[in-house]
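Participant: have a look at this fold, sequence not included:
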């Protein structure tokens, strides 16, 4: 018998046909009702065994976590909430699961506990739902760009360049750590390292992405990026996945439009394709909310939040306008902000972003035209002489989900900025050459994939939306 | 005017409507004919300027590589091989390109030369075609698995485990290389490293992938993998992308079927979606072939090779059968093989694989049931006591394109093998637990993405099918 996935079985009209399902026992009740799950859906199928004819020794092995194969008739189910069930005629234990030793008991475990069992946690409802949604979001990313004629570029992971300065980097090396080769001054001789130079893990594929945008037009990256920062927060990982589209002939306005269209497409895709998983996660988030004090609860539930974002335009707001709003806001006047806003030019903290998004506008906000001094060297200088064509998309509960800009396409301006910031011009020769040979206006942005998954699943700790999270002190599995 | 991509313009019936195109000048002939390319297609659009009314200083700036915007009427083209052209009314130079300095001249450059100009090479026909095909293949990978209910899992890049033993690894560290912390014995104290232990770049996501297959059923990975091997060949990279599906309830036969279906789907997708690029690459490969001595030329051209693979079943052959064929083969008897085949148990070299694929069967071959001693510890032990349920898919011109196996799902057998090979049992505790808690038969394989791209594009050096190749001594850009 060919095994059929449970997702498919549950969508099949039951007419007594003989079917085979394989999966893991979630629960076994009354010595006859098996709730069987194979990961294809959050739903279990009920498999009913006849305990009068089944060997006692087999029944005893139907413990939570055991892997089994069942064959039997697919019939309408008398039980509530399920259309069909399997009346088992043949049952085979594929893999036992010692109930005494198995870490996942048929009860609710804390997320902290499950993080220690990362090799098993996808067998729980919560994590299987999160990981299926994560898959759907990754596919939607590729589909969105493919449908629009973008090319997916794999920018390098190991890089000899550390010019972007987006954060602390991990060194990649094959030198003998114990006794590395040194030059006559006693310095490490990286010429003897694998790549003949010092190399690091990438913090962003943007600069290399730009080289392809100025050849193929519209491109995107989707790959792992790294930050060697000692951030033990619910929003940071040392290894995370980022999506970075880069478009020739786009200005900052085109860029903002694409960012909104992209995020709305992704959220809509989740609503259209992950219904059952989102229903489950919605309930889960509701329960979490109810455990919070009244004043800390969200106004909207997960599903409502997703629908709201999919259907409403984002608020566009210049940095200068934002500063005005913040300066005159109640929390600023009453000194409730940790960092009070006194003047134009300061960087915004997450408390300010949250105020704008969650209290003032109550919708996603795109902030643009930031002061040049708080943004990266490659952003396009505006004619006012003090701002750059940067943009950040801010989401409720998440904060910055997208950061981007129009890029400086003018050779002299870019070179001046590199000099002003004392960046290594010689390392950026190829990046500068893009502005020398057929330069074009262009723009792009970066989406932190795990932040998107946090938003779409309603999970609150970034370590719970990636299979094996990496953070300070942890590279287990 | 909204810019329209050239791919779309070329597919639009020309009725004299006003359109805007932006792109890079490939050539400018007779002071009037611009061949304009924007990367959306390998085809250029012809833009015709009226040199009698256009400023001389502008005409002089229409050099190869210059970036321009043209607006004008889209009209039927009198020229051969193009349906429409733009009769330019407005021309704007977006970015000049000094013909004296620009490395890409309107002539054929060697691939070696272009590797040094990796930031510009996607502006050539060959590399833009390769990179568009690469994009199409990446999308097809995701579509194939998504359509079949597989979940995409991002397995970790930084890993504390080096148990798989697939090859030499790169160390990832934030310790001060110059003066690292040491313990009382003078050894490097990795407890003070970022992750509190020694960490490396992954060589494979398979083991972590298995943990998700035994939860979600069918999963796949698609991510970068690394080998710190000093291989300066046309087939090896230090950083490359790999696709690793892993399926619960699959045996070795299911695995072989999926591998064939997958490869045929990808090749068919390329034929159906990359027609123009493949036509160009086909011609390119033909020219390369003609430069070779007669006896080294391929029997089939690129397109014929792709069609052949898409339409014909692969040859299944056990290792034991392969040894018999090789032992009795002419090159073995005439001692033409560098490594002569005397007895069962030896590892096959690429010369043997090529003989089987290119001379004996003249089709892709799936070799299976290899001797346990030449394969990895996790492969399922066959009942003969000497072979394992391994499989390699061998392609003409490429050699091994897929390697996989059914995995050992029996706890005791796996543990014994780990002991026999002196592998670190304590590091594999979580992998072993999969066999303790609801173990299931399962199987999977790995496809080297760049090898696939070599096959589909007809390129011959793996450094030419990835944006920024990493190999010993090279991490430029």
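Facilitator: Yep, it's here. Bear in mind that the values here come from a model prediction, so they are computed numbers and not experimental data.
Participant: list the residues that contact residue A:443.
Facilitator: Neighbouring residues of residue A:443 by C-beta atoms under 8 Å, 6 or more residues apart in numbering or on different chains: A:246-247, A:250-252, A:254-255, A:380, A:389, A:404-407. Every residue, glycine included, has its C-beta placed from N, CA and C.
Participant: I should have written residue A:82 there, sorry.
Facilitator: A:10, A:43, A:45-46.
Participant: name the nearest residue to residue A:43, ignoring sequence neighbours.
Facilitator: residue A:10 (5.7 Å; C-beta to C-beta, 6 or more residues apart in numbering or on different chains).
Participant: what's the distance between that neighbour and residue B:311?
Facilitator: Residue A:10 sits 36 Å away from residue B:311, going by C-beta to C-beta, to the nearest Å.
Participant: between these two, tell me which one has more neighbours.
Facilitator: Set residue A:10 next to residue B:311 and count neighbours by other C-beta atoms under 10 Å in any protein chain shown: residue A:10 wins out with 19 against 10.
Participant: wait, that one sits on residue A:81?
Facilitator: No: between residue A:10 and residue A:81 there is no contact under C-beta atoms under 8 Å: 11.1 Å.
Participant: residue A:111: which of the contacts of residue A:443 is nearest?
Facilitator: Taking C-beta to C-beta as the measure, residue A:111 lies nearest residue A:404 of the contacts of residue A:443, at 31.6 Å.
Participant: residues from the stretch 1-150 of chain A in reach of chain B?
Facilitator: By the rule C-beta under 8 Å from any C-beta of the partner chain, the part of the stretch 1-150 of chain A lying against chain B is A:3, A:5, A:7, A:22-25, A:38-40, A:65-67, A:69, A:94-98, A:101-103, A:118-120, A:122-123, A:127-128, A:131-132, A:134-135, A:138-139, A:142, A:146, A:149-150.
Participant: can you rerun that using 7 Å?
Facilitator: A:3, A:5, A:7, A:22, A:24, A:38-40, A:65-67, A:94-95, A:97, A:102, A:119-120, A:122-123, A:128, A:131-132, A:135, A:138-139, A:142, A:146, A:149 (C-beta under 7 Å from any C-beta of the partner chain).
Participant: and the buried ones among those, selectable in ChimeraX?
Facilitator: In ChimeraX, a selection of the buried entries from the residues of the stretch 1-150 of chain A next to chain B looks like this (16 or more other C-beta atoms under 10 Å in any protein chain shown):
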select /A:3,5,7,22,24,38,39,40,65,66,67,94,95,97,102,119,120,122,123,128,131,132,135,138,139,142,146,149
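Participant: which ones among the residues of the stretch 1-150 of chain A next to chain B map onto strands?
Facilitator: Among the residues of the stretch 1-150 of chain A next to chain B, the ones falling in strands (DSSP state E) are A:22, A:24, A:67, A:94-95.
Participant: now those in CSV, with pLDDT and distance to residue B:235?
Facilitator: Shown next, in CSV, are these (pLDDT from 0 to 100; distance: C-beta to C-beta, whole Å):
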residue, pLDDT, distance to residue B:235
A:22, 98, 39
A:24, 98, 41
A:67, 98, 39
A:94, 98, 39
A:95, 98, 39
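Participant: follow-up on the earlier one: ok, and the most crowded of the contacts of residue A:82?
Facilitator: Using other C-beta under 10 Å as the neighbour test, these are led by residue A:45, with 26 neighbours.
Participant: would you agree that residue is in contact with residue A:38?
Facilitator: No: counting by C-beta atoms under 7 Å, residue A:45 stays clear of residue A:38, with 8.4 Å between them.
Participant: overlap in contacts of those two?
Facilitator: A:6, A:21 (C-beta atoms under 7 Å, 6 or more residues apart in numbering or on different chains).
Participant: out of the contacts of residue A:443, which are inside strands?
Facilitator: A:246-247, A:389, A:404-406.
Participant: out of those, who's nearest chain B?
Facilitator: Comparing the ones in strands among the contacts of residue A:443 against chain B with C-beta to the nearest C-beta places residue A:247 closest, at 10.9 Å.
Participant: which residues touch the closest one?
Facilitator: When contacts are counted by C-beta under 7 Å, 6+ apart, residue A:247 is found next to A:213, A:218, A:442-444.
Participant: just the ones in strands from those, please.
Facilitator: Reading strands off these with DSSP E, I get A:218, A:442-444.
Participant: most neighbours, which of these?
Facilitator: Busiest of the ones in strands among the contacts of residue A:247 [other C-beta under 10 Å] is residue A:443, holding 29 neighbours.
Participant: that one bridge partners, please.
Facilitator: residue A:247, residue A:406 (DSSP bridges).
Participant: next one: it from chain B, what distance?
Facilitator: For residue A:443, the distance to chain B (C-beta to the nearest C-beta, to the nearest Å) stands at 14 Å.
Participant: same deal with residue A:458?
Facilitator: 19 Å.
Participant: is it correct that that residue is in contact with residue A:303?
Facilitator: No: Residue A:458 sits out of contact with residue A:303 when judged by C-beta under 7 Å, with a separation of 9.0 Å.
Participant: the helices in the stretch 1-150 of chain A, which residues?
Facilitator: Taking DSSP state H, counting those that start in this stretch as the criterion, the stretch 1-150 of chain A contains helices spanning A:6-10, A:56-60, A:111-116, A:125-147.
Participant: please identify the deepest-packed of those.
Facilitator: helix A:125-147 (a mean of 22; mean count of other C-beta atoms under 10 Å in any protein chain shown).
Participant: what helices or strands is that one leaning on?
Facilitator: helix A:252-273, helix A:275-290, helix A:449-457, helix B:125-147, strand B:151-152, helix B:206-216 (3 or more C-beta pairs under 7 Å, 6 or more residues apart in numbering or on different chains; DSSP states H and E).
Participant: repeat the analysis, applying 6 Å as the threshold.
Facilitator: Here helix A:125-147 touches helix A:252-273, helix A:275-290, helix A:449-457, helix B:125-147, strand B:151-152, going by 3 or more C-beta pairs under 6 Å, 6 or more residues apart in numbering or on different chains; DSSP states H and E.
Participant: what about the third one, distance to the chain center?
Facilitator: Helix A:449-457 sits 5 Å away from the centroid of its parent chain (C-alpha atoms, centre = their mean, to the nearest Å).
Participant: is stretch A:207-221 positioned near chain B?
Facilitator: Yes: remark: stretch A:207-221 sits within contact range of chain B at A:211-212, A:215-217, by C-beta under 6 Å from any C-beta of the partner chain.
Participant: what is the burial count for residue A:171?
Facilitator: So residue A:171, with other C-beta under 10 Å, has 20 neighbours.
Participant: chain A - how does it break down into domains?
Facilitator: Chain A breaks down by the TED database into domains covering A:6-95, A:125-167+A:203-464.
Participant: from those, which stretch is densest packed?
Facilitator: domain A:125-167+A:203-464 (a mean of 19).
Participant: what's the end-to-end length of that one?
Facilitator: 13 Å (C-alpha to C-alpha, to the nearest Å).
Participant: cool, and stretch A:337-351?
Facilitator: When the termini of stretch A:337-351 are compared using C-alpha to C-alpha, they are 7 Å apart.
Participant: contacting residues around it?
Facilitator: A:323, A:326-327, A:331-332, A:371, A:374, A:399 (C-beta atoms under 6 Å, 6 or more residues apart in numbering or on different chains).
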